[in-house]
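> Take this sequence and fold it.
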Amino acid sequence: MRKKPGFELRCVGGEDILVPGGVENVDFSRIIAMNSSSAWLWREVGDGDFTAATLAQMLVAHYEIDSVTAEDAAAELLTQWRDAGILVP
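Numbers count the residues shown, from 1 in each chain. Sure thing, here's the model as predicted:
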């Protein structure tokens, strides 16, 4: 899967938020808040393809956590991103 085009990660008031398109098209009901880990992953995957395993490997390398914790976190995050409609299969 990959990120759905047209969403921009921005820091507003110290919070990382994902907003659709340009400022003139911002629908404030579609703003998605991200914690520091999910925002870091969003930036790191860029425009390429990724899987839950890819995200888990990145978490293990960056945060030095165990693989089971990373796999659980990555699976949960992908579910949240899919439910939010910000991924393309």
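> Run through this structure and note the low-pLDDT ranges.
Along the chain, the model assigns pLDDT under 70 to residues 22-30.
> Please enumerate the strands of it.
2-3, 7-12, 15-20, 32-34, 87-88 (DSSP state E).
> Neighbouring strands - and their directions - for the first one?
Right, the one you point to is strand 2-3. As defined by DSSP bridges, the strand partners of strand 2-3 come to strand 87-88 (antiparallel).
> Not counting the strand it pairs with itself, show me its contacts.
Applying C-beta atoms under 8 Å, 6 or more residues apart in numbering, the external contacts of strand 87-88 come out as 1-5, 78, 81. Where you see a C-beta, it was placed from the backbone N, CA and C, and this is true even at glycine.
> Can you say which of the residues you listed are buried?
3, 78, 81 (16 or more other C-beta atoms under 10 Å).
> Distance of M1 relative to E71?
16 Å (C-beta to C-beta, to the nearest Å).
> Next, count neighbours for G46.
Applying other C-beta atoms under 10 Å, we find 10 residues neighbouring G46.
> Could you report the distance from it to V68?
Distance, G46 to V68, using C-beta to C-beta: 26 Å.
> Identify the single longest helix in the protein, thanks.
Counting residues, the longest helix found in the chain (DSSP state H) is helix 67-84.
> For that helix, name the packing helices and strands.
Applying 3 or more C-beta pairs under 8 Å, 6 or more residues apart in numbering; DSSP states H and E, we find helix 67-84 packed against helix 36-45, helix 52-63.
> JSON lines for those helices, including mean neighbour count and distance to L18?
Formatted as JSON lines, the helices and strands packed on helix 67-84 follow (neighbours: other C-beta atoms under 10 Å; distance: least, C-beta to C-beta, whole Å):
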{"stretch": "helix 36-45", "mean neighbour count": "16", "distance to L18": "7"}
{"stretch": "helix 52-63", "mean neighbour count": "17", "distance to L18": "16"}
